[in-house]
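J.: The sequence and its predicted three-dimensional model are supplied below.
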Amino acid sequence: KAVELAQLNLLLKLLEDETPETHKRLLPNLRDNIKCGNSLIDDPKVAGDKAFKWEAQFPDVFREGGFDVVVGNPPYIRIQTLGKEDVEYFNKIYESPERNYDLYILFVEKGFNILKKNGKLGFILPNKFLNADYGRNIRNLIVHNSALWQILDFKDYQIFDSATTYTCLLFLRKELNKTFIYSNVKENSLLERGGLNELNIKNFTIEHPSSNNMWGFSGGVDADIMEKLKSVKLRLGEIADELFVGLQTSADPIYIVKVEKEKNNYLEVICRKTGKNYTIEKDAVKKILMGKDIRRWSLNWRNLALIFPYKVRDKKASLIGEEEFKKIFPKTWEYLVDNKKLLDLREKGKWKNRQNWHAFVYEKNLASFSQPKILTQVLASKNSFTLDNTGEYYFVGGGNAGGYGITIKKEYSMNQKILVGILNSKTLEFYLKKISTPFRGGYYSYGKRFIEQFPIVLPDKIKEVRINLLVDQMISLQKKFNDLKLAGNEKELI
């Protein structure tokens with residue numbers, strides 16, 4: 001039916017501008033032009049009667065070397081949602097699969113391969129392949145063929161009303177391109193008012209990328225600044241001893257409780273899942289932060305505590321066994337037992353009847369939190385790095401929520417306070433926004449793969465003293481600003 005409707009719509013389009021001279025012409029037969037099938041799979045054993053052999057279906061086209069133009073809006077589907085047989089086929093036949101890739105990556109490869117020499121491809125697709133790990137192989141294919149012709153990056157502008165997607169227009173040309181045109185939107189509001197036209201778009205001619213490393217394009221003065229920053233050899237990833245993601249318990253509403261009152265060695269808390277009140281041991285929990293609690297120059301602890309069923313020794317974390325836990329934290333154990341049925345539901349019920357049912361599902365980096373560290377949100381509108389000088393705060397993680405922690409290698413004499421001053425600089429904020437993934441509302445990803453690329457220039461002793469003083473001043477001012485007792489006019493002065 002889809003094929004028939006497409007044929008009918010095209011024929012009706014031909015009749016729109018009909019004149020007496022064209023009235024006598026026969027309408028074209030479109031049966032050999034519009035086909036239905038699985039664009040990516042040509043094996044009937046995998047796709048059944050939908051298997052589609054492009055060369056067999058369009059023999060005249062391929063006798064000429066392929067298509068002149070390929071245009072499309074490929075499906076945006078994560079590979080995890082597809083059948084095992086399809087995935088195995090893709091991984092065997094295509095060059096571009098990488099990690100947990102998206103199906104549109106394969107359409108780019110297929111679309112490029114069926115072009116004739118000098119043919120052109122134009123797709124609207126997510127811009128994430130520009131800097132995602134799963135885009136490495138498709139970037140490599142484009143680099144290897146010098147195929148990039150133009151990219152129009154919409155950044156966080158929403159093209160589709162029905163879903164939140166971050167898209168771009170990708171144009172490839174099957175010939176060696178020494179340069180390409182990088183375009184982006186001047187202002188989202190201009191695009192909304194005036195549509196897509198030359199007045200609302202900035203164009204830059206840029207040298208074709210020569211590497212499949214993450215792509216972050218700039219033009220004009222911005223490009224000159226980025227080149228200087230990229231020439232800095234030392235990176236945050238090199239001086240960081242650890243750059244670790246926050247906790248992922250798979251049951252935060254149970255493990256993270258709201259502290260209502262502290263009395264001696266006990267806490268009166270509320271379970272955020274059930275709303276029930278409990279009394280638990282103070283030493284069984286850690287102070288914990290959500291992503292939004294990590295702010296530029298400050299932390300905003302909102303009386304949330306993490307039940308932490310582990311002991312940390314010599315930078316290693318081990319689960320406290322049931323009998324030991326009952327003995328040292330009997331009230332907290334009662335809380336966990338009371339919520340065991342809910343904990344059993346984790347990972348689609350796989351945790352039911354497990355011996356260590358009270359453990360976190362993901363036990364990464366558990367020994368890393370109780371040390372002095374630098375913190376950042378994963379998703380933020382600006383650089384929002386701050387200090388945890390005592391190591392008393394834990395924080396959540398996972399996806400685009402929560403935060404990251406950073407510690408520095410001993411061989412670098414710079415203290416963490418000075419590094420926070422550098423990380424919160426306008427220069428590194430500029431750099432981040434050029435290489436990172438944009439999100440709706442002016443937010444950017446501060447994920448590990450982006451911030452570890454930060455160029456770091458080690459200051460001399462004189463500059464260290466100055467930066468140290470400025471950071472102390474900013475932390476002090478931020479503390480005053482967050483003081484609830486201050487009136488509005490006083491905050492304005494700060």
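T.: Thanks, I have it. Numbers count the residues shown, from 1 in each chain.

J.: only C-alpha atoms for contact and neighbour calcs from this point on.
T.: Fine.

J.: so what's residue 246 closest to, chain neighbours aside?
T.: residue 397 (3.7 Å; C-alpha to C-alpha, 6 or more residues apart in numbering).

J.: got it, and residue 277?
T.: Per C-alpha to C-alpha, 6+ apart, closest to residue 277 is residue 270, 4.6 Å.

J.: Same check on residue 205?
T.: residue 181 (4.6 Å).

J.: what's the spacing between that neighbour and residue 218?
T.: From residue 181 across to residue 218, the span is 11 Å (C-alpha to C-alpha, to the nearest Å).

J.: Find residues that contact each of the two.
T.: Common neighbours of residue 181 and residue 218, using C-alpha atoms under 8 Å, 6 or more residues apart in numbering, are residue 204.

J.: Between these two, which is the more surrounded one?
T.: Higher neighbour count among residue 181 and residue 218: residue 218, with 21 against 18, using other C-alpha atoms under 10 Å.

J.: wouldn't the more buried one be in contact with residue 433 here?
T.: No. The pair formed by residue 218 and residue 433 falls short of the contact definition of C-alpha atoms under 8 Å, at 10.6 Å.

J.: residues in contact with stretch 389-404?
T.: 243-248, 286-292, 294, 369-373, 375-379, 445, 447-448.

J.: Low-confidence bits of this structure, can you list those?
T.: Along the chain, the parts satisfying pLDDT under 70 run over 1, 17-29, 189-195, 197, 199, 413, 483-494.

J.: tell me, which helix in it spans the most residues?
T.: helix 461-481 (DSSP state H).

J.: buried ones in that helix?
T.: 464, 467, 468, 471, 472, 474, 475, 477, 478, 481 (16 or more other C-alpha atoms under 10 Å).

J.: which residue packs closest to residue 387, ignoring adjacent ones?
T.: The shortest distance from residue 387 to any non-neighbouring residue, by C-alpha to C-alpha, 6+ apart, is to residue 374 (4.7 Å).

J.: For residue 163, grab the count of nearby residues.
T.: Neighbours around residue 163, by other C-alpha under 10 Å: 8.

J.: Quick check: phi and psi on it?
T.: phi -150, psi 150 (degrees, to the nearest 10).

J.: Number of residues surrounding residue 12?
T.: For residue 12, the tally of surrounding residues (other C-alpha under 10 Å) stands at 11.

J.: and it, how far is that from residue 168?
T.: Residue 12 sits 31 Å away from residue 168, going by C-alpha to C-alpha.

J.: cool, residue 16 as well?
T.: When residue 16 is compared with residue 168 (using C-alpha to C-alpha), they lie 32 Å apart.

J.: next one: residue 425
T.: Going from residue 425 to residue 168 by C-alpha to C-alpha gives 29 Å.

J.: and those two? which has more neighbours close in?
T.: Set residue 425 next to residue 168 and count neighbours by other C-alpha under 10 Å: residue 168 wins out with 23 against 15.

J.: helix or strand for the more buried one, which one?
T.: In this structure, residue 168 sits in strand 167-173 according to DSSP states H and E.

J.: Pairing partners for that strand, with directions?
T.: strand 115-126 (antiparallel), strand 148-153 (antiparallel) (DSSP bridges).

J.: need those in JSON lines with mean neighbour count and distance to residue 142, can you?
T.: Shown next, in JSON lines, are these (neighbours: other C-alpha atoms under 10 Å; distance: least, C-alpha to C-alpha, whole Å):
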{"stretch": "strand 115-126", "mean neighbour count": "20", "distance to residue 142": "12"}
{"stretch": "strand 148-153", "mean neighbour count": "22", "distance to residue 142": "6"}
